[in-house]
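[1] Below: sequence and its predicted model.
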Amino acid sequence: MSRPIQAGAGAAFALLSALLSALLAAGCAGDDAGRAARVFDPDSVPEAFARSTAALMWPGATRAWQVTPEGDLYAGEWQVSFLPASGPAGADATAPAIDAGSPQTIAFEERWLPVAHWRRVSGDVRWDFEAVALPGPAASDTGLVASVRVTATNTGTVPRRASLTAHLGPPRAPVFVAFDAPEPPRAALRWSAAVSPGTVAGWIAERGRPAPSGPDAAWNWTMAPGSTRSLRLVLPAYAATARALSAWARAPHDQRAAEARGFWRREAGRGARFRLGDPEVEAALDAARITLLALRERRGQAWVPIGNPFQYRDVWLRDGARAIRALAVLGYTEEARGCCAGFEGLQWPQGAFLSQRGQLDGTGQALWAFEQALLRPAPDDSVARFAAAAERAWRWIEWQRGLGRQAGWEFGTLLPYGDPRDAELVRAQLVGNDAWTLAGYRATARLLAAAGRGADAEAVERSRAEYLGDFMRALDSAPARGGVGSHDIPPSWQGIGRDWGNLAVVQPCGVLPSDDPRAARLASRVWNAAGGAGLASYGPTDTAQSYVGADLGTWALLAGERAAADSVLEALLHWRTASGGGAELFSRASRDFGANLPPHGTSAAALASLLRDALLFDEGDTLRLTLGARERWWNGSRVERAPTRWGLLDLAFRRDGDTAEWRWSGVPVWAELTLPPGRRLAAPPPAPLRQGRTAAAVLAPPGTRRAEVKLAAEAR
Amino acid sequence: MDPFQAYDTAVALARSGQDLASVPWFRRALADAPDQYWEAHHDYATALYNAAFRVRRRHGLEVPETRSAWERAACMRTGLEEFAASESLCREPADLAALRDRRARVLHVWGLRWDALAELRRARLADPSDRAMAVDQYLELLHHPERGAPPPGGTASRHARRDPAIGKDPP
């Protein structure tokens, strides 16, 4: 498709071109003109999906900018569409112009640092876009502003005419809309380049430029070979006054970009550090940190975790709990606890925690999240308050179990039927609801104990043992009933529904031990249906789900199924955008996520949790180290300031020839050390070490800080 | 504006589907006359329940009217408190039973099955006339969810002295 360039007379452009060439030759290039500099090439960054997109977010902001696959920007109210084009200059200036196509890739620097780059090409002219988002001029937390720089480069050998139109308009076929977007949409969207009354949707940071009269701002240049031109736009997520945007735009784009880089590097750096000598994995973990930190909104003094910056800008207990756990184990203790405070707002008067109707797993997930965040690295001062909330929830469940006991039905003491309209997608008594509730009981006991209420904690533990007995009886009788998963762990006690909450029964719910054969059969069934270990399918085999099967990865770590666990991690690493985010659901064949835009918070949480658990696992009474450490990481890795149940922990491990060495902060429990992949002990471990539960592990007594063993190659 | 005018405005807004907009008017009405009319508390509770499920079209997409589940939970917490306040003021057995029926329905829709059953039983205690069947049907649903059953609620709700007809099935 092509269209004529809107430009002045050819002679004028020829003159301008000559002047520019002279200036460039004299080395006077400024922001508006210059030789092509070495620029970040977004198309060199891996992108797993067929269409590329990115999210420019900020913690607490109520909107985020999406860089769309077409290279436009949309934050839920209006769209900023860019129309770059180029054509011949000089005598051929009336020839049709070539419109730039969509960008191939929208990438963040290092595939995690939220400075977005994308590139469009129209003939010889390359258009490089760079965008960052930062808090804007508004006093409230809504004021996210994007600074966008567009740079055109004539890569050809002859002068070219280049034009760019930036259009403000309603979104084309939006897949999300901001909750507070006016309806009907704002009629008059306009740019401003000078302080003027009223609010505007965009600011053009060019001195002396006349303000465009409508929603279109246009630039027309004649460009000498090798020359560049650039412009800068400032885009508020909410309409803002021209004066406020003008003030914000006084800081040049490079400064804003530096501020964004600095902020996010500090944010990524202040959590637990994982120095693995594996840049791809470390970048993926940093991308997960950024996603988790940014996907939080304020509610008064508290925070709530949200599912996604766009179509899932809402709160789900099932997703938020995962985010809280991931934040907690990554060392963002304050953020994780702030989100726990937000979860308090989801407790109902009866004691239940409920975010969406029919989703009864929420109570157990909330209690589990409290325990995950409040007890690492040491109990928080607020633990008594959360223990009391957990106790109310526990009493509510026990009251229900009592009614069920009186009824005398099969499954009467298990949670009643749910109709979650999601996940298992069935009306039935869901196994995952009971598994999560049991996890909630364990969490309640731990919280009560930490609050100094030992007797209450024991009462909860006793009730958990009874509940677990009911669960196991129902599970043991599943084969006789038949249905989906009856020989492993079914999605519902009625044997119907899709696999979802049942995948969490071993981990993180801790209801079954990892060596229970039903867990292995479940993993086998789910992975066979998906074509192998890695991501699970949801519904059709072709539909991959990025996080629901991640718990099977943790199970595999604990069960010694190291290759399977690594396949899950590898899949999570692979299926990411060039900006580092994971999509929730997508087609394996077409690599398309449809309207389910990345990044998804739970995908980030799954990656972070699995990676951390592969190095440090502290859910039981033993600290497990290097359960899933990859061969490359054994070249010498360090984990620093990692919160655990026994305080902040540092870990270093290395394999040097036939020797493996671990150094870690002493803990008051046994530590299980897993050997490097493909290795076994060459000899019995030296005292005080002991052989572990598998041939690939040794045990170190409490207080140990260093261990070294001799290795031999594992027999193939 | 006196509390009666505020109440009439609130009900008019709620009847026209503007549940969230009705909330401050209900608050205003109840602030000035908190303990006089059970109907006002009941209608406020119903408006909050409806607000939690209300959707509207924005930019061609159907989206919740409330910002997020956090706000919807807040609606329901306040709504349940208002149901309780309404019950404390209600004297007629048939009205009391209807109130408890409504509360049972709310709890059922959100998935709190045993709580819904308990409310149905309490409704039967208030007005035993025709609620035994409702309780039995709900028990059957709890026992055999795969078979399905009608939602809770006895026919006595038609006896409610004031039914603003703003209760609705969730979308």
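    Great, that's in hand. Numbers count the residues shown, from 1 in each chain, chains lettered A, B, ... in the order given.

[2] Where does the residue nearest to A:W248 when sequence neighbours are not counted sit: helix, strand or coil?
    Residue nearest to A:W248 in three dimensions, not counting chain neighbours: A:P137, with 4.9 Å by C-beta to C-beta, 6 or more residues apart in numbering or on different chains. C-betas here are computed from N, CA, C, even on glycine. Going by DSSP: H, G, I helix; E, B strand; the rest coil, the secondary structure assigned to A:P137 is coil.

[3] Let me know whether A:P137 touches A:G143 as I believe.
    Yes - contact criterion C-beta atoms under 8 Å: A:P137 and A:G143 qualify, at 6.0 Å.

[4] so what sits against both of the two?
    Contact with both A:P137 and A:G143 is made by residues A:236, A:240, according to C-beta atoms under 8 Å, 6 or more residues apart in numbering or on different chains.

[5] Tell me which of these two has more neighbours.
    Applying other C-beta atoms under 10 Å in any protein chain shown to A:P137 and A:G143 shows that A:G143 carries more neighbours, namely 22 against 17.

[6] What is the burial count for the closest residue to chain B within chain A?
    For chain A and chain B, the shortest gap (C-beta to the nearest C-beta) falls at A:Y417, measuring 3.4 Å. If you count neighbours by other C-beta under 10 Å, A:Y417 ends up with 25.

[7] same deal with A:E584?
    Neighbour count of A:E584, defined by other C-beta under 10 Å: 24.

[8] Return the residues in contact with it.
    Taking C-beta under 8 Å, 6+ apart, we find A:E584 in contact with A:308, A:312, A:545-547, A:593, A:596, A:598, A:600, A:602-603.

[9] same check, this time on A:D41
    Under the criterion of C-beta under 8 Å, 6+ apart, the contact list for A:D41 reads A:R119.

[10] Just give the nearest non-adjacent residue to A:W436, would you?
    A:G364 (3.1 Å).

[11] What segments of chain B are strands?
    For chain B, strands defined by DSSP state E occupy the ranges B:55-58, B:61-64.

[12] Could you name the residue of chain B that is farthest from its center?
    For chain B, the C-alpha farthest from the mean C-alpha position belongs to B:H59; by C-alpha atoms, centre = their mean, that distance is 30.2 Å.

[13] Residues of chain B that sit close to chain A?
    Contact residues of chain B with respect to chain A, defined by C-beta under 8 Å from any C-beta of the partner chain, are listed as B:56-61, B:63-64, B:67-70, B:73-74, B:76-77, B:80-81, B:109-115, B:117-118, B:139, B:142-143, B:145-146, B:148, B:170.

[14] filter those residues to the buried ones?
    With burial judged by 16 or more other C-beta atoms under 10 Å in any protein chain shown, the buried subset of the residues of chain B next to chain A is B:58-59, B:61, B:63-64, B:67-70, B:73-74, B:76-77, B:80, B:109-115, B:117-118, B:139, B:142-143, B:145.

[15] Just the ones of the residues you listed in helices?
    When DSSP state H is applied, these are split such that B:69-70, B:73-74, B:76-77, B:80, B:109-110, B:113-115, B:117-118, B:139, B:142-143 fall in helices.

[16] what's near enough to touch A:V132?
    The contact partners of A:V132, by C-beta under 8 Å, 6+ apart, come to A:56, A:114-116, A:146-147, A:256-257, A:259-261.

[17] Which positions are bridged to it in the beta structure?
    Here A:V132 sits in beta bridges with A:S147, as judged by DSSP bridges.

[18] Not counting sequence-adjacent ones, nearest residue to A:A536?
    Using C-beta to C-beta, 6+ apart and skipping residues adjacent in sequence, the residue nearest A:A536 is A:G549, 3.0 Å away.

[19] From what I see, the one you found and A:L535 are in contact.
    Yes - the pair A:G549 and A:L535 qualifies as a contact (C-beta under 8 Å) at a distance of 5.8 Å.

[20] Could you check which residue of chain B lies nearest chain A?
    B:P145 (3.4 Å).

[21] which residues touch that residue?
    Listed by C-beta under 8 Å, 6+ apart, the contact set of B:P145 reads A:416-417, A:427-429, A:494.

[22] try B:R91
    By C-beta under 8 Å, 6+ apart, B:R91 has no neighbours at all.

[23] what's the answer for A:E371, then?
    Counting by C-beta under 8 Å, 6+ apart, A:E371 touches A:442-444, A:446-447.

[24] before we move on, back to that, quick check, the residue of chain A closest to chain B in contact with A:R427.
    Yes - using C-beta under 8 Å, A:Y417 makes contact with A:R427 at a distance of 5.9 Å.

[25] on that earlier part again, burial count for the residue nearest to A:A536?
    Look at A:G549: counted by other C-beta under 10 Å, it has 26 neighbours.

[26] Does the strand or helix carrying A:F82 reach chain B?
    When elements are assigned from DSSP states H and E, A:F82 belongs to strand A:79-88. No - on the criterion C-beta under 8 Å from any C-beta, strand A:79-88 is out of touch with chain B, staying 10.3 Å away.

[27] Output the contacting helices and strands for the helix or strand just after that strand.
    Using DSSP H and E, the helix or strand that directly follows strand A:79-88 along the chain is strand A:97-99. Of the remaining helices and strands, those touching strand A:97-99 by 3 or more C-beta pairs under 8 Å, 6 or more residues apart in numbering or on different chains; DSSP states H and E are strand A:2-3, strand A:79-88, strand A:113-122.

[28] Compare the mean pLDDT across those strands and name the weakest.
    When the helices and strands packed on strand A:97-99 are compared on mean pLDDT, strand A:2-3 scores lowest, with a mean of 36.

[29] re the thing from before, residues that sit against both of A:G549 and A:L535, list them.
    Both A:G549 and A:L535 are in contact with A:V568, where contact means C-beta under 8 Å, 6+ apart.

[30] tell me what the longest helix seen in chain A is packed against?
    With secondary structure taken from DSSP H, chain A has its longest helix at helix A:383-407. Helix A:383-407 makes packing contacts with helix A:362-374, helix A:431-450, helix A:454-476, helix B:113-126, helix B:132-143 when contacts are defined by 3+ C-beta pairs under 8 Å, 6+ apart.

[31] Kindly recompute the last result at 10 Å.
    Using 3 or more C-beta pairs under 10 Å, 6 or more residues apart in numbering or on different chains; DSSP states H and E as the contact definition, the elements that helix A:383-407 packs against are helix A:333-343, helix A:362-374, helix A:431-450, helix A:454-476, helix B:113-126, helix B:132-143.

[32] quick one, the helix or strand of chain B with the lowest mean pLDDT and helix B:113-126 angle?
    Comparing helices and strands within chain B by mean pLDDT, DSSP states H and E singles out helix B:132-143 as the least confident, with a mean of 88. Between helix B:132-143 and helix B:113-126, the angle formed by their directions is 170 degrees, by axes from the mean of the first three to the mean of the last three C-alpha atoms, to 10 degrees.

[33] now the angle between helix A:383-407 and helix B:132-143, please.
    Angle between the axes of helix B:132-143 and helix A:383-407 is 110 degrees (criterion: the same axes, to 10 degrees).

[34] So which bits of helix B:132-143 are buried?
    Neighbour counts over helix B:132-143 (16+ other C-beta under 10 Å) mark B:134-135, B:137-139, B:141-143 as buried.

[35] C-alpha coordinates for it, PDB please?
    The C-alpha trace of helix B:132-143 is given here as PDB (Å, rounded to 0.1, in the frame of the first residue of the first chain):
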ATOM      1  CA  ALA B 132     -39.400 -26.800  53.400                       C
ATOM      2  CA  MET B 133     -39.300 -27.600  49.700                       C
ATOM      3  CA  ALA B 134     -36.700 -24.900  49.000                       C
ATOM      4  CA  VAL B 135     -34.400 -26.300  51.700                       C
ATOM      5  CA  ASP B 136     -34.900 -29.800  50.400                       C
ATOM      6  CA  GLN B 137     -34.200 -28.800  46.800                       C
ATOM      7  CA  TYR B 138     -31.000 -27.000  47.800                       C
ATOM      8  CA  LEU B 139     -29.800 -29.900  49.900                       C
ATOM      9  CA  GLU B 140     -30.300 -32.100  46.800                       C
ATOM     10  CA  LEU B 141     -28.200 -29.600  44.700                       C
ATOM     11  CA  LEU B 142     -25.400 -29.700  47.300                       C
ATOM     12  CA  HIS B 143     -25.500 -33.400  47.300                       C
END
